[in-house]
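K.L.:
Quick one, structure for this:
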Amino acid sequence: MKTGVIVYVTGESPWRENVQVDRFTAHPQLQADRIAVASDLEEIVDHWFNLTVKGVQMIKCLIAEAGEKNELRLTGRELRLCG
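P.N.:
Modelled structure (predicted):
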């Protein structure tokens, strides 16, 4: 079964310009066949659709915070995707 993770990044930091997302996605909790990073609801829905089209059967959506030192930190919270 293919698995996927969508990481929803919250916070005020302009993380897209400064954070090394590749280093973050090597986190042990993000063991999946495909990983996507989103910063708003529209991106979550787009990634969810794209992962589903690519045959991913189990998709989790985890919440991360953008920190002051240009790093992403998982909060331990997970969003439920349904539809």
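K.L.:
Not counting residues beside it along the chain, what's closest to Val37?
P.N.:
Val7 (4.9 Å; Cβ to Cβ, 6 or more residues apart in numbering). C-betas here are computed from N, CA, C, even on glycine.
K.L.:
Make sure that neighbour is indeed in a helix.
P.N.:
No - applying DSSP: H, G, I helix; E, B strand; the rest coil, one finds Val7 to be strand, outside a helix.
K.L.:
Name all residues that make contact with it.
P.N.:
24-25, 30, 35-38, 61-64, 72, 74 (Cβ atoms under 8 Å, 6 or more residues apart in numbering).
K.L.:
Next: Leu79.
P.N.:
Taking Cβ under 8 Å, 6+ apart, we find Leu79 in contact with 8, 44, 61-63.
K.L.:
now what about the helix or strand harbouring Glu65, what contacts it?
P.N.:
Assignment of secondary structure by DSSP states H and E places Glu65 within strand 58-66. Identification of contacts with strand 58-66 by Cβ under 8 Å, 6+ apart yields 1-13, 15, 19, 24, 29-30, 32, 44, 48, 51-52, 72-75, 77-81.
K.L.:
export the contacts of Leu79 to TSV and tack on neighbour count?
P.N.:
As requested, the contacts of Leu79 are arranged in TSV below (neighbours: other Cβ atoms under 10 Å):
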residue	neighbour count
Tyr8	21
Ile44	18
Cys61	19
Leu62	19
Ile63	16
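K.L.:
For stretch 64-72, buried residues please.
P.N.:
Neighbour-count burial for stretch 64-72 flags 64, 66, 71-72 (criterion: 16 or more other Cβ atoms under 10 Å).
K.L.:
Reformat those residues as JSON lines; add distance to Gln57 and pLDDT.
P.N.:
Shown next, in JSON lines, are the buried residues of stretch 64-72 (distance: Cβ to Cβ, whole Å; pLDDT from 0 to 100):
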{"residue": "Ala64", "distance to Gln57": "23", "pLDDT": "89"}
{"residue": "Ala66", "distance to Gln57": "29", "pLDDT": "77"}
{"residue": "Glu71", "distance to Gln57": "31", "pLDDT": "73"}
{"residue": "Leu72", "distance to Gln57": "26", "pLDDT": "78"}
